[in-house]
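Asker: Next one to model:
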Amino acid sequence: MRYHQSGNIPPKRHTVFKSPEDKFYYEQLFGTEGFHGISSLLYHIHRPTQIKSIGEPKDVSPKIAVDKNVTPRMFKGMNVTPEDDVLDSRKFLMVNNDLKMGLSKPRKSMDYFYKNAECDELLFVHNGNGILKTFVGDLEFAVGDYLIIPRGTIYQIELQSEDTVFFILESHSPIYTPKRYRNEFGQLLEHSPFCERDIVAPTYKAPKDEKGEFVVKVKKENQITDFVYATHPFDVVGWDGYFYPYKFNIKNFEPITGRIHQPPPVHQTFEAHNFVVCSFCARMYDYHPQAIPAPYNHSNIDSDEVLFYTEGDFMSRNHIDLMDFTLHPGGIVHGPHPGAMERSIGKKFTEEYAVMVDPFRPLKITEEALKVEDPSYKTSWLEEEDHTLKDRLQE
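Answerer: Numbering: from 1, shown residues only. Now for the predicted structure:
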């Protein structure tokens, strides 16, 4: 992240700041990890603490179906059920103590405000477009955008298409750009596959000076509670700092290539505690004359591996549809499907796009995931003659 400033702020922090009408503005420190992590200072027209009422909490805990998983799995995202409400549409498929991830197919915009008080959120826009409206400004989003929303951000999602699809991830730790691509001052280095120009901060919007009843749905510990506030939460006249939502489009990721196959870490885009997020993008294949572009078989002993397929034809997998998730659990060898290695030899380019998440703790499988699972995936590496024998035995 880099320093950003929008609207009006005083020349010195924690000092008197008044409106042209000689009314006080109210300062708020917005950040995580106590007073150690990155933060921003926001200046409100009204005190941001004016609670009128608090409703009964609604439990939204994911229901675990498989607590300990060693089975390779495929989940058909196209079969996830859409919902009208943005929050109801969030179907988490895989979870552990560090993260939750799944798919969201909302039909209607938010007519309320929302705050995740526990997790940073990553929303990847698979389809559709709209506006992420926040108390520090707006972000217009479209296909391929990663929206990084720090915990504590109050926001609304305005949909501008009828078929919006988000890959969604909630993280119990802050989501950052990879440390190895930043210097000691936080600047992205020359060998990073993206730079600060590719990161888009919110566009400042004039503050809302309104009183009334404003519902902010607050999520914490798998419960959503309605808080009714006396003033509009988007009453920020100005802010500055390092802590704010932003967007980054997957097609601004510049792939790192080589003469022989490059391992997945070259695709890393974000990191958090105990997991990383990578972007597989259109790129030139390996250019050694004897190179095998398809990935080699590997065990990823220390992490599970999840891929979400968003665009193009993924060359290492057979029978993959867009919006599919594949899960390869840690400790179980996986690799290209039969024929994929051979097909890849001599190919020069790929147009595939996928989001990969590698968690370093095992994932649990939810009931929502089992509703859309393709149970044949676990045996899909069998050679053709083995499939024929399997079919005969089943008869």
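Asker: For the closest residue to N252 other than its chain neighbours, give me phi and psi.
Answerer: Leaving aside its sequence neighbours, N252 sits nearest to D198 (Cβ to Cβ, 6 or more residues apart in numbering; 4.1 Å). In short, each C-beta sits where N, CA and C put it, glycine included. Per-residue torsions, D198: phi -80, psi -10 (degrees, to the nearest 10).
Asker: let's have the chain start at 21 instead
Answerer: From this message on, residue numbering opens at 21, which makes the last subject D218.
Asker: any idea how far D218 lies from I270?
Answerer: Separation of D218 from I270 (Cβ to Cβ, to the nearest Å): 10 Å.
Asker: Next: R279.
Answerer: The value you get for R279 to I270, if Cβ to Cβ is used, is 25 Å.
Asker: Between these two, which is the more surrounded one?
Answerer: Higher neighbour count among R279 and I270: I270, with 22 against 11, using other Cβ atoms under 10 Å.
Asker: what residues are up against A85?
Answerer: 385-387, 389-390 (Cβ atoms under 8 Å, 6 or more residues apart in numbering).
Asker: who touches stretch 354-374?
Answerer: 92, 164, 270-271, 299-305, 311-320, 325, 327-338, 348, 400-404.
Asker: Which of these fall within strands?
Answerer: Using DSSP state E, 299-300, 303-304, 325, 327-331, 348 are the members of the contacts of stretch 354-374 that sit in strands.
Asker: how about those, which pair is most distant?
Answerer: Spatial extent of these (Cβ to Cβ) is set by the pair M304 and H348 at 25.6 Å.
Asker: who's more crowded, those two?
Answerer: Comparing M304 with H348 by other Cβ under 10 Å, the one with more neighbours is H348, at 21 against 12.
Asker: And that one, how far from M114?
Answerer: For H348, the distance to M114 - Cβ to Cβ - is 12 Å.
Asker: Please apply the same query to V163.
Answerer: On the measure of Cβ to Cβ, V163 and M114 end up 23 Å apart.
Asker: next one: F187
Answerer: Distance from F187 to M114, by Cβ to Cβ: 12 Å.
Asker: Are there residues contacting both of the two? Which ones?
Answerer: Joint contacts of F187 and M114 (Cβ under 8 Å, 6+ apart) are 121-122.
Asker: Please give the element, helix or strand, for V238.
Answerer: strand 231-240 (DSSP states H and E).
Asker: quick one: I219 and F268 touch, right?
Answerer: Yes. In this structure I219 lies within contact range of F268 using Cβ atoms under 8 Å: 5.4 Å.
Asker: Buried by neighbour count, from the contacts of stretch 354-374: which ones?
Answerer: The neighbour-count test (16 or more other Cβ atoms under 10 Å) marks 92, 164, 270, 299-301, 303, 305, 311-315, 320, 325, 327-331, 334-337, 348, 400-401 as buried among the contacts of stretch 354-374.
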